[in-house]
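Trainee: 3D, please:
(chains A and B)
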Amino acid sequence: MEEAVSLLPELAIKEKHVQEHRLPDLADVTGEVRMRLAPSPSGPLHVGHSRMAILNDEYVRRYGGKLYLRIEDTNPSNIDLDAYHLIPEDLEWLGVKVHEIVVQSKRMNIYYNEAKKLIERGSMYICECQQSDFKNLKLQSKACPHRERSPETNMAAFEKMISGGYSKGTVSAVVKTDLNHPNPSIRDWIAFRVKEETHPLTGKTYFAYPMMNFSVAVDDHYLDLTHVIRGKDHLNNTEKQSYIFHYMGWKKPHYYHYGLVHIPGTILKTSIIKKGIRDGTYSGWSDIRLGTLLTMKRRGYRPETFRKYWVGSGMREIDSEFSWEIFNSINREIIDPDARRLWFVPNPTRLKIQGSSELKSSAPFHPGNPSLGERTYSLGSEPEIFIPEKDWLSIRENERFRLKDLCNVIRTPTGIRYADNSHEDLKKIRIVQWTPSDSSDFIVEKPDGSIDRGKIEPLFSKVKGVSQFERYGYVNIDPEKRVGYYLH
RNA sequence: GCUCCGAUAGUGUAGUCCGGCCAAGCAUACCGGCCUUUCAAGCCGGCGACCCGGGUCCAAAUCCCGGUCGGAGCACCA
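Mentor: Predicted coordinates for the structure are as follows:
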């Protein structure tokens, strides 16, 4: 290797420029790791979710081990049945290797059993206070009247609770913590509550559902997780969950909390998207305006882009702004080598090239990759063509400009006239893309919800996937529908 | 208000735990040049940052204290 470097000094220089970010090592790794992704099934995944998926996957790949997908469906009022299959599909597309899927609603008896152990040990009690009373007492660091009841009484109440003996809001199972804890939300937190809704998966089987902090602690233990990576918004939850680990004498996994990312310029909130789909504002989960993985896939983003971006962002606890600029630049690097060039003319203006003999055009599908072939058109004499209205409006009379890969023309008072086909002053004159008169109508849907209508050159039918519309942008095209989805 | 986090160029980050190799690296954006029949890509060069104030130390982006700014959580969501 050293020899090679000295023989090719430019290689050594190159080496310096490809330095990539590497995620920090995890603490206390002994052999394999076991980690998890824990989304709630309220809808498909979006860009924000992709971070936790990629980060966890990266580490399981680095150290070997097991990655669980744990569907957290213990709140029957916030479940979308489609999410149970959409989430694994999103992950597969992202290239995240899930080894096992765990569904919490199928583990209810595990949670009940652990709760009973805590009740026996006097670490959990059943509270029958009014919600507001319970809250007020806690704020004053005072115990509620049910806190010191005997384990037997609590056990009986818990049995009644899980068999449907209480109605919603009248009872809860509470984990004893520390009533003097400075953070009121950490004081005696609720572990189970009654839900009367029908659960999409288990129907009316259960009446008492665990709160996230309880089921997460129990599952993290029984799945024998070594490391947990999640957003900073879980910092308080980590502290709440640690009480369970402490009471049970369980060994805690290592926790990492990455900072929150603000993702500008797109719609991510599942509740808003759902409402929009219901009332017809959005066409579905892959509506062009959304930030779901389904939408991004449809626009032509590559899964590798997500991985590279999130690995580069690391695991710091700083909050940050998602950079579309950088994200798109990563994606561009991946797609550009295969992106065929095409001419698309938005808002076309039809012009006749006066005074021309028969014209022919020939342009490569990719200037950097001649093997992708070329597109050629024979136009006859004095052909009609389309150019973008925007260009036409800014071209002055007598201005000589070039129709790319065709010929130079001059604007006359009434239209355009053939000038020449000199390549000499290409750097000085305006070069405009054009399409022949027999071009197809084509529509480009853009992420801001707007639509560009125009003409696309006939040979677009040979192209599928992401192409680069010259002087316009990258577009993922659907030749059948004659529609493209704007990428960047 | 309370609790807990954090602060490196326009943006995203490396370095911070174990102070010196950091007169701070990389990417992106921007500027200039080359190449090019795209306002794409590529290549070369450039601009640009350790929040502020004290302290410890031979030495601080790194440790300590105070301030400022930003963020998260705050109880029957996950």
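Trainee: Leaving out sequence neighbours, find the closest residue to residue A:103.
Mentor: Distances taken as CB to CB, 6 or more residues apart in numbering place residue A:71 nearest to residue A:103, at 4.8 Å, with adjacent residues excluded. The way it works is simple: take the backbone N, C-alpha and C, and place the C-beta from them, glycine included.
Trainee: So what does that neighbour look like in phi/psi?
Mentor: phi -80, psi 120 (degrees, to the nearest 10).
Trainee: quick check, the helix or strand containing residue A:228 touching RNA strand B?
Mentor: Per DSSP states H and E: residue A:228 is located in strand A:227-231. No - Strand A:227-231 does not reach RNA strand B (CB under 7 Å from any atom of the strand); its nearest approach is 7.8 Å.
Trainee: which phi and psi does the closest residue to residue A:38 other than its chain neighbours have?
Mentor: Leaving aside its chain neighbours, residue A:38 sits nearest to residue A:70 (4.7 Å; criterion: CB to CB, 6+ apart). The phi/psi pair for residue A:70 (degrees, to the nearest 10) reads phi -110, psi 110.
Trainee: Can you spell out which residues form a bridge with residue A:70?
Mentor: Beta-bridge pairing for residue A:70 (DSSP bridges): residue A:102.
Trainee: sorry, back to before: would you tell me what the next helix or strand after the strand holding residue A:228 is?
Mentor: helix A:235-248.
Trainee: Direction included, what does the strand holding residue A:228 pair up with?
Mentor: Using DSSP bridges, strand A:227-231 pairs in its sheet with strand A:254-258 (parallel).
Trainee: what's the angle between the partner strand and helix A:235-248?
Mentor: 170 degrees (axes from the mean of the first three to the mean of the last three CA atoms, to 10 degrees).
Trainee: So for strand A:254-258, mean pLDDT?
Mentor: When pLDDT is averaged over strand A:254-258, the result is 88.
Trainee: So for it, what gets flagged as buried?
Mentor: A:255, A:256, A:257, A:258 (16 or more other CB atoms under 10 Å).
Trainee: So what are the sheet partners of the helix or strand harbouring residue A:444 and their directions?
Mentor: If you go by DSSP H and E, residue A:444 is part of strand A:440-445. The strands that strand A:440-445 pairs with in its sheet are strand A:451-456 (antiparallel), strand A:483-486 (parallel) (by DSSP bridges).
Trainee: if you compare the ones you listed, which one is most tucked away?
Mentor: Across these, averaging neighbours per residue (mean count of other CB atoms under 10 Å) puts strand A:483-486 on top, at a mean of 22.
Trainee: tell me the mean pLDDT over that strand?
Mentor: 96.
Trainee: Is any residue of that strand near RNA strand B?
Mentor: No - judged by CB under 7 Å from any atom of the strand, strand A:483-486 stays clear of RNA strand B, getting no closer than 14.1 Å.
Trainee: try stretch A:35-53
Mentor: Yes - Stretch A:35-53 lies within reach of RNA strand B by CB under 7 Å from any atom of the strand, at A:38, A:39, A:40.
Trainee: How about stretch A:392-405?
Mentor: Yes - using CB under 7 Å from any atom of the strand, stretch A:392-405 comes into contact with RNA strand B via A:402, A:404, A:405.
Trainee: Serialize the residues you listed to a markdown table and add fields for secondary structure, pLDDT and neighbour count.
Mentor: Shown next, in a markdown table, are those (DSSP: H, G, I helix; E, B strand; the rest coil; pLDDT from 0 to 100; neighbours: other CB atoms under 10 Å):
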| residue | secondary structure | pLDDT | neighbour count |
| --- | --- | --- | --- |
| A:402 | strand | 93 | 21 |
| A:404 | coil | 94 | 17 |
| A:405 | coil | 94 | 19 |
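Trainee: How about the stretch 151-300 of chain A: which residue is closest to RNA strand B?
Mentor: Residue nearest to RNA strand B within the stretch 151-300 of chain A: residue A:193 (2.7 Å; CB to the nearest atom of the strand).
Trainee: List of residues touching the helix or strand containing that residue?
Mentor: Counting by DSSP H and E, the element that carries residue A:193 is strand A:189-194. With contacts defined as CB atoms under 8 Å, 6 or more residues apart in numbering, strand A:189-194 is touched by A:111, A:115, A:124, A:161, A:166-175, A:177, A:207-211, A:213-214, A:240.
Trainee: what is the mean pLDDT for the strand holding residue A:444?
Mentor: In the prediction, strand A:440-445 has an average pLDDT of 96.
Trainee: Report the buried residues of the strand holding residue A:228.
Mentor: A:227, A:228, A:229, A:230.
Trainee: Tell me which residues touch the second one, please.
Mentor: By CB under 8 Å, 6+ apart, the contact list for residue A:228 reads A:35, A:36, A:220, A:253, A:254, A:255, A:256.
Trainee: Can I get those in TSV including distance to residue A:457?
Mentor: As requested, the contacts of residue A:228 are exported to TSV (distance: CB to CB, whole Å):
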residue	distance to residue A:457
A:35	49
A:36	50
A:220	56
A:253	57
A:254	56
A:255	55
A:256	51
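Trainee: Would you mind naming what in the stretch 201-350 of chain A lies close to RNA strand B?
Mentor: Checking the stretch 201-350 of chain A against RNA strand B by CB under 7 Å from any atom of the strand, the hits are A:209, A:211-213, A:232-237, A:259-261, A:312-323, A:325-326, A:329-330, A:332-333, A:336, A:341.
Trainee: Which members of those occur in strands, if any?
Mentor: The members of these that map onto strands under DSSP state E are A:209, A:261, A:320, A:321, A:341.
Trainee: which residues touch stretch A:477-488?
Mentor: If you take CB under 8 Å, 6+ apart as the criterion, stretch A:477-488 is touched by A:288, A:298-301, A:324, A:328, A:331-332, A:335, A:344, A:440-447, A:456, A:460-461, A:463-467, A:469, A:473-476.
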